[in-house]
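Asker: here is my input; please provide its structure:
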Amino acid sequence: MGMWVFGYGSLIWKAGFHFDERVVGFIKGYRRVFHQGSTDHRGTPKFPGRTVTLEPAEGEVCWGAAYKITKKEDKEVAVTYLEVREKQYDKKAYLDLFTDPMATTPAVSGVMVYIASANKQLNSNYLGPASLEDIAKQIIQAEGPSGPNRDYLFQLEKALLELGTFP
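Answerer: Reported below is the predicted structural model:
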């Protein structure tokens, strides 16, 4: 039986682990927001970048890419890798993945999704909402070990365009 992982941010364009299948799809009841601080990839502790997380949003969907991993060794490597990469995301959810907007039943159930919660006690890097102008300024100025925060934004835009799910 395969394990599925859903990516809605950088996992869309850079999985970083071996997978057997990649499926474009969406999860229901969430929206992508630039509310998570990145002090380890796209910013620093003194000047965090902003990366996306999910927040509950009734009636909305979030498009991304889901990856199926079937081999035991590949699952172990992927989980170990993701636990380090996504360490600033304090919550894991197992959600339904849909591929057809008209479908009433999911294409895959139990897809693992990393979420950075708004709970500051569990997630010290949560930045929360801000004006579009303030978020843009922060993204333009921040830079971390993985590069400028603006590159993350532009790569996300490109990835979503390639999926055919954006604007």
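Asker: which residues does stretch 127-134 contact?
Answerer: 33, 35-37, 48, 50, 118, 138 (Cβ atoms under 8 Å, 6 or more residues apart in numbering). C-beta: built from backbone N, CA, C; applies to glycine.
Asker: between all of these, which two are at the greatest distance?
Answerer: Within the contacts of stretch 127-134, Ala118 and Gln138 form the most distant pair, 17.5 Å apart (Cβ to Cβ).
Asker: so Lys137 lies in a helix, does it not?
Answerer: Yes. Assigned with DSSP: H, G, I helix; E, B strand; the rest coil, Lys137 falls within a helix.
Asker: now Gly7: how far from Met102?
Answerer: Gly7 sits at a distance of 23 Å from Met102 (criterion: Cβ to Cβ, to the nearest Å).
Asker: which of the two has more neighbours?
Answerer: Using other Cβ atoms under 10 Å as the criterion, Gly7 and Met102 rank with Gly7 on top: 22 against 5.
Asker: who's that one bridged to?
Answerer: Here Gly7 sits in beta bridges with Ala65, going by DSSP bridges.
Asker: check Ile115 too.
Answerer: Beta-bridge partners for Ile115, by DSSP bridges, are Lys91.
Asker: please name the residues that touch it.
Answerer: Contacts of Ile115 (Cβ under 8 Å, 6+ apart): 53-54, 89-93.
Asker: let's see it at 7 Å
Answerer: The contact partners of Ile115, by Cβ atoms under 7 Å, 6 or more residues apart in numbering, come to 53-54, 89, 91, 93.
Asker: make a ChimeraX selection of the buried ones in those residues.
Answerer: The ChimeraX selection below is limited to those of the contacts of Ile115 classed as buried (16 or more other Cβ atoms under 10 Å):
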select :53,54,89
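Asker: what's the closest of the contacts of Ile115 to Val61?
Answerer: Proximity of the contacts of Ile115 to Val61 (Cβ to Cβ) peaks at Leu54, which lies at 10.9 Å.
Asker: low-confidence stretches in the chain?
Answerer: Where the chain drops to pLDDT under 70, the residues are 166-167.
Asker: please enumerate the strands of it.
Answerer: 3-7, 21-38, 49-69, 91-97, 108-115, 143-144, 147-148 (DSSP state E).
Asker: okay, those in a markdown table with distance to Glu83 next?
Answerer: As requested, those are exported to a markdown table (distance: least, Cβ to Cβ, whole Å):
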| stretch | distance to Glu83 |
| --- | --- |
| strand 3-7 | 12 |
| strand 21-38 | 16 |
| strand 49-69 | 14 |
| strand 91-97 | 10 |
| strand 108-115 | 9 |
| strand 143-144 | 19 |
| strand 147-148 | 22 |
